[in-house]
Each structure stands twice: as C-alpha cells, then as structure tokens.
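>>> sequence? don't have it. structure:
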C-alpha cells in the first residue's frame, strides 16, 4: 500500500511539472508605469524639517518629505510601478503643501533639501526605478528670486486648480514671453545637470505652448506635457496628456458597459485617470453607485495593458475618493485594500514577463460598450498577444478566425490558463465573465499533450484501484472481527 501511494504521488508531480506554453519570457525595458504622489501628503520621515504644519488641518502641510518616500519604494515597486512621479520640489510659500507657490528655485528644505532629493533618486535607481519631477511653471505672489518673470493674467485652469491658485497666491508664468522662456530654460537645465532625474512633467496653463523652446538640449530626460482644461494645444514634449484624454480614460471605467477609449496608436501619449488638479477617479463611480474596488481593478487592467506611459495617482490602490482640494490630496494612510493591491501587483507582474508585446503595433479587434479586444503584433519572432477586457454587465464570448490568428495555432491564457483552439469552422472562441480580463499568447498548437493524457489515466486508474483495495481490505477485516 505504501508503494502504491508513492507511485500515485510521483504521477501527480509529473503532471503538474509539464508546461504547455512555449512562448519566451525576456528581459527588456517596460514602458513607464508612474506612481504619482504629492510629496507633502505621502509620509513624514523627520519632523525636524516640518514647515507650516498645523496638525489636523488639511489646508496646510502635513510634513511629508523625500526620505518618507524612500521608506515605501519597495511597496511601490511591488505594485508594478517602475517610475515615481513627484510634485514640485522647490522652495515655496510656507502654507502651500502642493509646491506651486514657488518663492525660489532651490530645492525645498521642508522636503529635506538637495541631499535628501539625491538620496531618493539614488534609492530609486538602485531598484531600477526612474524619477520624474513635476516642474512648476508658476511662482508665488510673494516670489523673491532674482528673475523678473512675466505672468499670465488669465491662465487656463481647472476648477480645482483655480481654487488652489487663488487660495495659495499662485501665478502662472507666461511661456510665450521670450525673457521668461529663456530664464526657465536655464533653470531647468541647471536642475537636470545637478540632480540625476529621469524626467520632468509640466502642467500647462496656456494655449500653444511649445516645450522645445525651453527644453532644448535635454534629450537625456523624458518630458511630459499635461493640460487640465479642454481645447488647449501643446507640443514639444516626449509625451502629452490632454484633459480630453484623462477624462475619457476616467469615464471609460467609471461604470460597466461604457465605451472604452482605445489605446492611442502611436503609444506616446501619457494615460492617467486623475491627478492633483482633477477629481479622484473613484468620484464618478461612487456617484453612479458602482463598487469602487472593482472599478479601480478594471481601470488598472486597462492601464497596465497600454504600451505607452501611464500614471497611477497615489491612493488609487485604496480607492481614495474626492472632488475638493482637501479630499483629492489626503494624507496617505498606507491602509490598503489587499484585494486591489494584490490584483494590481499580479497583473503588473504578468505584463513584466512579456515586455516585447509592448514593442510593436496594437490593433483594436473590438470596442463595444465595455468589451475591448486588442491585438499586440510583436516586432520579432516572439508570440503575438490578444488582450480581452470584458467590462460589461454580462458574460461575453468573442470569436476570431484563422486569418486573424493563423492556422494551426492556439490561444494560451496567461492570467487564468484558458486554452482556445480553432473549431471545425476555423474559429477561435473565448468566453469571459463580466468585469474580468484575459491575456492570450498566440502560440503553435501543441495539440492534446500525450503526457497529460497518460498521467491522467494513471492517476484516475490508480485511484480506482486504490478504492478497490481499501474496500476489499475493509471487508476482510470485518470477517476477521466476526
């Protein structure tokens, strides 16, 4: 009996060690997955550098600093983020927690100063993470620097941004004024040369701003241009996110059965659902009475599949909600919805295994009221991929033909393990439950695995024999007792 049990165990180990997938996993750089955070609101490592803090009042600083972020880099990395995106780092008005009321363009002591900023950058780089700093094109009404900047009389601001500017005395620089552009160009260049940052972002408040006019010679860093109101045109940045794009992404996943914004074909735009001058992503789902956790997971599913840069605003993983300055910039509590956190981490880990899928073109196969199917055509001999997002209110099937997939191929599910082969009509049919997703690798059809069949027969047959022996011995023991 003991020998039989050992043989059964060996058969089980054999079947579970067979791998039917044949596509390769490679080590290549992923697109930027940015975790955006307000420095002051994240974590205070030291009280010694606190300025303007009034405990319990969200209108004033909380005391977060650079080293506070260092403490949580591992957590951010575990969530699949390879880039940290931080709010402005320069000296600012004491009451201002966000950092746009700039008093001079030296690194703020309230955040730990230049030395601690460099420590944050080094710690991030040690983890192969990038650092993108938001560079303010703004100053305080009480700016006391040497440069005489021109300011905009009526900047284009979102409602929340306008309230913030008015509350903290912020003025927008006129980036069409030649002297101002020249001065900012010099300040930006000096900052990049002093600190080993990987990128800069800019919130633009004027129409027609051309980043190349003040970013020339900075090819070594990535640049991001962001607008907060619709119908502004900007250019000259590596990556751009217009307010129309952000709003479309957020609305796509605010509720099921919404039309999904297709991935931009050139993969260069930045995709985000919210930032520090917009409502929190979860605000609309809550208004529509949707469950925030599920909505965040569906949004994450979409963002992580995008072959270009994405932004993930701090606290999204705990479904922070808000539509006021106080509620969109809460102090990070580090309480986490473990289900959401694990979901994002696991999805990110899967995509990190196949970075080549992001190197080629994408092709939308279906986009219909929350059901989004996209094909990734890799630029090499590696497997192509199909990504299905079913953000609808019902189970959905989807059929692809051999012209789209190829002959004698199969779809191997990476997330759930679902397998799809062509039927007699040459169709590949997959089925997904509501509010779920699956990533399929298109690989050569390996057919029914003979080892699997053999192992299955051995296990099933062995189990039947095992039951027979046990029953027979039981009867024999009964006779002995009698």
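Everything's here; your move. Small disclaimer: the values here were computed from a predicted structure and weren't measured.
>>> in the stretch 101-250 of the chain, which spans are strands?
For the stretch 101-250 of the chain, strands defined by DSSP state E, counting those that start in this stretch occupy the ranges 102-107, 130-134, 138-140, 170-172, 199-204, 222-227, 239-241.
>>> packing partners of the first one?
Going back to what we said before, that points to strand 102-107. If you count contacts as 3 or more C-beta pairs under 8 Å, 6 or more residues apart in numbering; DSSP states H and E, strand 102-107 packs onto strand 90-92, helix 113-126, strand 138-140. Where C-beta positions appear, they are placed from N, C-alpha and C, glycine not excepted.
>>> could you do the fourth one as well?
Here strand 170-172 touches strand 138-140, helix 159-168, going by 3+ C-beta pairs under 8 Å, 6+ apart.
>>> now the strands of the stretch 101-250 of the chain in a markdown table, with mean neighbour count, distance to residue 375 and mean pLDDT?
Shown next, in a markdown table, are the strands of the stretch 101-250 of the chain (neighbours: other C-beta atoms under 10 Å; distance: least, C-beta to C-beta, whole Å; pLDDT from 0 to 100):
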| stretch | mean neighbour count | distance to residue 375 | mean pLDDT |
| --- | --- | --- | --- |
| strand 102-107 | 20 | 46 | 96 |
| strand 130-134 | 23 | 28 | 98 |
| strand 138-140 | 24 | 43 | 97 |
| strand 170-172 | 23 | 43 | 98 |
| strand 199-204 | 24 | 30 | 98 |
| strand 222-227 | 23 | 27 | 98 |
| strand 239-241 | 22 | 23 | 98 |
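>>> which one of these lies nearest to residue 332?
strand 130-134 (17.2 Å; C-beta to C-beta).
>>> got a markdown table for the strands of the stretch 101-250 of the chain, with distance to residue 317 too?
Shown next, in a markdown table, are the strands of the stretch 101-250 of the chain (distance: least, C-beta to C-beta, whole Å):
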| stretch | distance to residue 317 |
| --- | --- |
| strand 102-107 | 28 |
| strand 130-134 | 19 |
| strand 138-140 | 29 |
| strand 170-172 | 29 |
| strand 199-204 | 21 |
| strand 222-227 | 21 |
| strand 239-241 | 20 |
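>>> out of the ones you listed, the one nearest residue 360 is which?
strand 239-241 (18.8 Å).
>>> given that closest one, what are its sheet partners and their directions?
strand 222-227 (parallel) (DSSP bridges).
>>> kindly tell me how buried residue 419 is, as a neighbour count.
Using other C-beta atoms under 10 Å, residue 419 is surrounded by 14 other residues.
>>> in CSV, list the helices and strands packed on strand 102-107 along with distance to residue 229.
As requested, the helices and strands packed on strand 102-107 are exported to CSV (distance: least, C-beta to C-beta, whole Å):
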stretch, distance to residue 229
strand 90-92, 23
helix 113-126, 31
strand 138-140, 15
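>>> the strands of the stretch 101-250 of the chain: which one's closest to residue 315?
The nearest among the strands of the stretch 101-250 of the chain, by C-beta to C-beta, is strand 130-134 at 16.9 Å.
>>> elements contacting that closest one?
Strand 130-134 packs on strand 83-86, helix 113-126, strand 199-204, strand 222-227, going by 3+ C-beta pairs under 8 Å, 6+ apart.
>>> contacts for that strand, please.
32, 34, 82-89, 120-121, 124-125, 191, 195, 197-203, 222, 224 (C-beta atoms under 8 Å, 6 or more residues apart in numbering).
>>> neighbouring strands - and their directions - for that strand?
Partners of strand 130-134 in the sheet, by DSSP bridges, are strand 83-86 (parallel), strand 199-204 (parallel).
>>> can you put those strands in CSV and add distance to residue 146?
Listed next are these as CSV, based on distance: least, C-beta to C-beta, whole Å:
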stretch, distance to residue 146
strand 83-86, 26
strand 199-204, 22
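>>> so which of those gets nearest residue 437?
strand 83-86 (23.2 Å).
>>> need the contact partners of the closest one.
Against strand 83-86 from outside (C-beta under 8 Å, 6+ apart): 32-37, 39, 69, 73, 76, 124, 129-134, 198-199, 201, 309, 311.
>>> try stretch 282-301
249-256, 273, 281, 312, 316-317, 319-323, 337, 339-340, 343-344, 347, 389, 391, 435, 437.
>>> got the end-to-end distance for that stretch?
For stretch 282-301, the first-to-last residue distance is 15 Å (C-alpha to C-alpha, to the nearest Å).
>>> let me see the mean pLDDT of that stretch.
Mean pLDDT, stretch 282-301: 95.
>>> got the buried residues for that stretch?
Of the residues in stretch 282-301, 282-286, 290, 292-301 count as buried by neighbour count, 16 or more other C-beta atoms under 10 Å.
>>> now, those that are in helices?
283-286, 292-301 (DSSP state H).
>>> what's stretch 47-54 in contact with?
With C-beta under 8 Å, 6+ apart as the test, stretch 47-54 has contacts from 44, 60-63, 65, 94-97, 109-113.
>>> now for those, which pair is the farthest apart?
Across these, the longest distance by C-beta to C-beta is 20.5 Å; it joins 60 and 113.
>>> any weak-confidence spans in the stretch 51-200 of the chain?
Applying pLDDT under 70 to the stretch 51-200 of the chain picks out no residues at all.
>>> likewise the stretch 301-450 of the chain?
334-337, 447-450.
>>> run through the helices of it in chain order.
Using DSSP state H, counting those that start in this stretch, the helices found in the stretch 301-450 of the chain span residues 325-328, 338-352, 402-405, 450-481.
>>> re the thing from before, can you tell me which of the strands of the stretch 101-250 of the chain is nearest to residue 353?
Short answer: strand 130-134, nearest of the strands of the stretch 101-250 of the chain by C-beta to C-beta, at 20.1 Å.
>>> off-centre distance for that closest one?
15 Å (C-alpha atoms, centre = their mean, to the nearest Å).
>>> what do you get for stretch 212-228?
The mean C-alpha position of stretch 212-228 is separated from the chain mean by 21 Å, C-alpha atoms, centre = their mean.
>>> end to end on it, go ahead and measure it.
20 Å.
>>> assign residue 35 to helix, strand or coil.
strand (DSSP: H, G, I helix; E, B strand; the rest coil).
>>> read off the pLDDT value for it.
The per-residue pLDDT of residue 35 was computed as 97.
>>> got a list of what residue 251 touches?
Contacts of residue 251 by C-beta under 8 Å, 6+ apart are 258, 284.
>>> ok, residue 410 touching residue 445?
Yes. Shown here, residue 410 and residue 445 form a contact pair, counting by C-beta atoms under 8 Å, at 4.4 Å.
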